[in-house]
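> Task: produce atomic coordinates for the following.
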Amino acid sequence: MHQLDSRQEAAPQGNAKRWRALAAALAAATLISACGLLSDDETDATTTTAADEAMMSDTGSDSGTVVTAAPTTTAAGDDMSEDEPAGPDVTVESKLSTAGLGPVQIGHTLEDARTAAGALLIAVPGGSDACRYYTVQNGPEGVRFLAVNAEIVRVDIESGPITTISGYGIGSTRSEIIEAFGDRIEDGPGLSAIQYVPVDAPDIDKRVVWEVDEAGAVISLRAGRLPHIEPRVACTG
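Residues are numbered from 1 along each chain as shown. Model (predicted):
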């Protein structure tokens with residue numbers, strides 16, 4: 001009886017040990033599984049973060065391309081706008097003087113004159129490289145620049161509203177000009193003209209000439225350097 005009781009007590013103790021071992025094994029398995037899930041989550045999180053970063057990088061790259069393209073197009077448009085001049089700087093508002101017409105000065109080379117005029121200079125038929133008239137592309141009608149050996153020496157106003165700085169141009173009268181300038185006005189060159197003769201040293205070899213008709217009205221005017229200013233029409237010889 002005593003031995004039987006001993007076996008019956010040993011059996012429950014053995015079962016308890018087996019249950020404890022099984023519980024420990026289950027706990028270990030659960031912990032390993034949890035660690036695996038945590039590892040997978042971390043991996044997924046890392047992968048997701050990397051993907052997000054890649055996506056942001058791609059998006060940033062695409063956005064950069066668009067932004068870069070836009071200014072390039074705009075810049076090209078700006079360049080085209082700069083290449084297309086708004087208009088010549090010689091206009092009907094320009095004034096004639098012994099210095100020249102507006103920004104174009106007596107003594108300018110043809111290249112300097114083109115730059116100052118803000119437009120191309122178009123050669124007038126006739127003359128030669130040694131003596132030729134030029135007009136300003138899209139400039140005021142009736143305006144011609146005389147170049148001798150590629151240097152501007154004279155400006156002719158054959159028509160239009162351009163006047164001298166003092167306001168005397170086509171339509172003004174001989175008497176008005178003489179009254180305005182007094183003894184600075186002399187007859188000539190030729191029989192139908194009067195001229196302004198400067199006294200200042202820098203302009204002593206320059207003149208402003210008004211051609212007048214029989215009634216004494218101005219029909220054309222010019223300014224330039226001696227001797228190129230004297231003939232009514234240059235480059236004829």
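> mind listing the strands for the chain?
Along the chain, counting by DSSP state E, strands occupy 96-97, 100-101, 104-105, 121-123, 131-136, 143-148, 151-157, 185-187, 193-196, 206-212, 218-225.
> closest one to Ser172 among those strands?
Ranking those by their distance to Ser172 (criterion: C-beta to C-beta) puts strand 218-225 first, at 4.7 Å. Where you see a C-beta, it was placed from the backbone N, CA and C, and this is true even at glycine.
> Let's see that closest one as CSV, backbone CA atoms only.
The C-alpha trace of strand 218-225 is given here as CSV (Å, rounded to 0.1, in the frame of the first residue of the first chain):
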residue,chain,number,x,y,z
VAL,A,218,14.4,126.2,-94.5
ILE,A,219,14.1,123.2,-96.8
SER,A,220,16.9,121.0,-95.4
LEU,A,221,19.6,121.2,-92.7
ARG,A,222,22.8,119.4,-92.0
ALA,A,223,25.7,119.4,-89.4
GLY,A,224,29.2,118.2,-89.7
ARG,A,225,32.9,118.8,-90.1
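> That strand: partners in the sheet, and parallel or antiparallel?
Paired strands of strand 218-225, with direction, are strand 151-157 (antiparallel), strand 206-212 (antiparallel) (DSSP bridges).
> okay, those strands in TSV with mean neighbour count next?
Formatted as TSV, those follow (neighbours: other C-beta atoms under 10 Å):
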stretch	mean neighbour count
strand 151-157	23
strand 206-212	23
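> quick one, which of those strands is nearest to Tyr133?
Smallest distance to Tyr133 across these (C-beta to C-beta): 7.5 Å, for strand 151-157.
> which residues touch that closest one?
96, 100-101, 104-110, 113, 133, 142-147, 169-170, 220-225, 228-229, 234 (C-beta atoms under 8 Å, 6 or more residues apart in numbering).
> rerun at 6 Å
Around strand 151-157, the neighbours that count as contacts under C-beta atoms under 6 Å, 6 or more residues apart in numbering are 101, 106, 108-109, 113, 144-146, 221-225, 228-229.
> What of stretch 198-217?
Residues outside stretch 198-217 that contact it (C-beta under 6 Å, 6+ apart): 98, 173-174, 192-196, 218-223, 225-226, 229.
> Just the buried residues of these.
The neighbour-count test (16 or more other C-beta atoms under 10 Å) marks 98, 174, 193-196, 218, 220-223, 225, 229 as buried among the contacts of stretch 198-217.
> I'd like the residues you listed as JSON lines, with pLDDT and distance to Ala180 appended.
What follows is these, written out as JSON lines (pLDDT from 0 to 100; distance: C-beta to C-beta, whole Å):
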{"residue": "Thr98", "pLDDT": "97", "distance to Ala180": "15"}
{"residue": "Arg174", "pLDDT": "98", "distance to Ala180": "11"}
{"residue": "Ala193", "pLDDT": "98", "distance to Ala180": "16"}
{"residue": "Ile194", "pLDDT": "98", "distance to Ala180": "11"}
{"residue": "Gln195", "pLDDT": "98", "distance to Ala180": "14"}
{"residue": "Tyr196", "pLDDT": "98", "distance to Ala180": "10"}
{"residue": "Val218", "pLDDT": "98", "distance to Ala180": "12"}
{"residue": "Ser220", "pLDDT": "98", "distance to Ala180": "18"}
{"residue": "Leu221", "pLDDT": "98", "distance to Ala180": "14"}
{"residue": "Arg222", "pLDDT": "98", "distance to Ala180": "18"}
{"residue": "Ala223", "pLDDT": "98", "distance to Ala180": "16"}
{"residue": "Arg225", "pLDDT": "98", "distance to Ala180": "23"}
{"residue": "Ile229", "pLDDT": "97", "distance to Ala180": "20"}
